[in-house]
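>>> Sequence unavailable; structure follows:
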């Protein structure tokens, strides 16, 4: 029996609404008799724009209100960018599906420069991510990296107003909003290793809603799910959050997953990297194995130092 009605909880930003509409469209194709609606919500993460995420409590601020709607029955499912989902979901919630991943990489956006390496000394680059900041500072120490919050349109407006010479954004977000034309360069993993789950959408439900698992299963993309599982396992093992510069990117070839992980200091003074391979069925173990390699190289000490600095 398919449901007659489904409600999707979503943030109200243009990108979040695009993502919710995308899942809504897929559900309506699968279940033409089902009425699928979207419950738009404003989260604390959307409201507090004058401080970086690492200072105000992290990525969970973007999904707390959506989870409340799942809990009290106002919504059946919530759609998230996987890179915004905390590595450990609160008790009572589960991921029902991970959709096929879009572009997982970061994008360089500028008005006067074609490539990141073209920026002159002292140029100001905006990013909201400590992960991007650490890698930028390590590879391009002559640049100034400054915080940049707000939705995609707000960030582009600040670039256009001349507050920044360039900004780094997730390529998938720009492409989903039809803003491909703003992208000057897709950054390679060597320049900017992506965040865990970047480019993939996740569908969250209340843990007791077993009726939804079968309904949502056709939206799950097993390979994307395996890669995201490995990346999130790595981040979880190291206590990863937006308060720590941590990157994880997994690919597949000939039945093997290859996972690359990175931990750094926001000032770029320390960058630790590790990688490993495993069959698809061992995605979670692969994440933990690469996390252990990074920990053996001193990742835990770097993370503790970063958190201690933020607490002062």
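Received the coordinates, thanks. Since we're looking at a predicted model, the values are computed, not measured. Numbers count the residues shown, from 1 in each chain.

>>> Tell me where the chain has strands.
According to DSSP state E, the chain carries its strands in the segments 5-11, 35-41, 77-81, 93-98, 106-110, 124-127, 144-147, 166-170, 183-186, 201-206, 246-253, 256-264, 271-279.

>>> Can you tell me which of those strands is packed in deepest?
Of all the strands of the chain, strand 77-81 carries the top mean neighbour count, a mean of 26, counting by mean count of other Cβ atoms under 10 Å. The way it works is simple: take the backbone N, C-alpha and C, and place the C-beta from them, glycine included.

>>> And that one, what does it pack against?
Packing contacts for strand 77-81, counted by 3 or more Cβ pairs under 8 Å, 6 or more residues apart in numbering; DSSP states H and E, involve strand 5-11, helix 14-30, helix 64-71, strand 201-206.

>>> that older thread, can I get the strands of the chain in TSV with distance to residue 296 and mean pLDDT?
Converted to TSV, the strands of the chain look like this (distance: least, Cβ to Cβ, whole Å; pLDDT from 0 to 100):
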stretch	distance to residue 296	mean pLDDT
strand 5-11	38	95
strand 35-41	42	95
strand 77-81	31	95
strand 93-98	29	97
strand 106-110	27	98
strand 124-127	29	97
strand 144-147	29	96
strand 166-170	30	97
strand 183-186	32	98
strand 201-206	30	97
strand 246-253	16	97
strand 256-264	12	97
strand 271-279	8	98
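
>>> Can you pull out the low-pLDDT segments for this structure?
For the chain, the stretches with pLDDT under 70 are 1, 43-62, 240-242.

>>> contacting residues around the most centrally placed residue in the chain?
Among the residues of the chain, the one closest to the centroid is residue 83, at 1.7 Å (Cα atoms, centre = their mean). By Cβ atoms under 8 Å, 6 or more residues apart in numbering, the contact list for residue 83 reads 170, 194-200.

>>> ok, now how distant is it from residue 146?
The spacing between residue 83 and residue 146, counted by Cβ to Cβ, to the nearest Å, is 21 Å.

>>> Also residue 279?
From residue 279 across to residue 146, the span is 43 Å (Cβ to Cβ).

>>> Tell me which stretches of the stretch 201-312 of the chain form helices.
Secondary structure of the stretch 201-312 of the chain by DSSP state H, counting those that start in this stretch: the helices cover 210-216, 222-237, 283-296, 299-311.

>>> What's opposite residue 36 in the beta bridge?
residue 6 (DSSP bridges).

>>> show me what contacts it?
5-8, 24, 27-28.

>>> List the contacts of residue 70.
Contact analysis of residue 70 by Cβ under 8 Å, 6+ apart lists 9, 76-78, 93, 204-206.

>>> This structure - how does it break down into domains?
5-100+200-220, 106-186, 238-311 (the TED database).

>>> Nearest to residue 231, out of those domains?
With Cβ to Cβ as the criterion, residue 231 lies closest to domain 238-311 of those, at 3.8 Å.

>>> now the end-to-end length of the closest one.
Domain 238-311 has an end-to-end distance of 18 Å (Cα to Cα, to the nearest Å).

>>> Can we start the residue count at 28 from this point?
Got it, first residue is 28 now, which makes that one domain 265-338.

>>> hmm, back to that, widest-spaced pair of the contacts of residue 97?
Spatial extent of the contacts of residue 97 (Cβ to Cβ) is set by the pair 103 and 120 at 12.7 Å.
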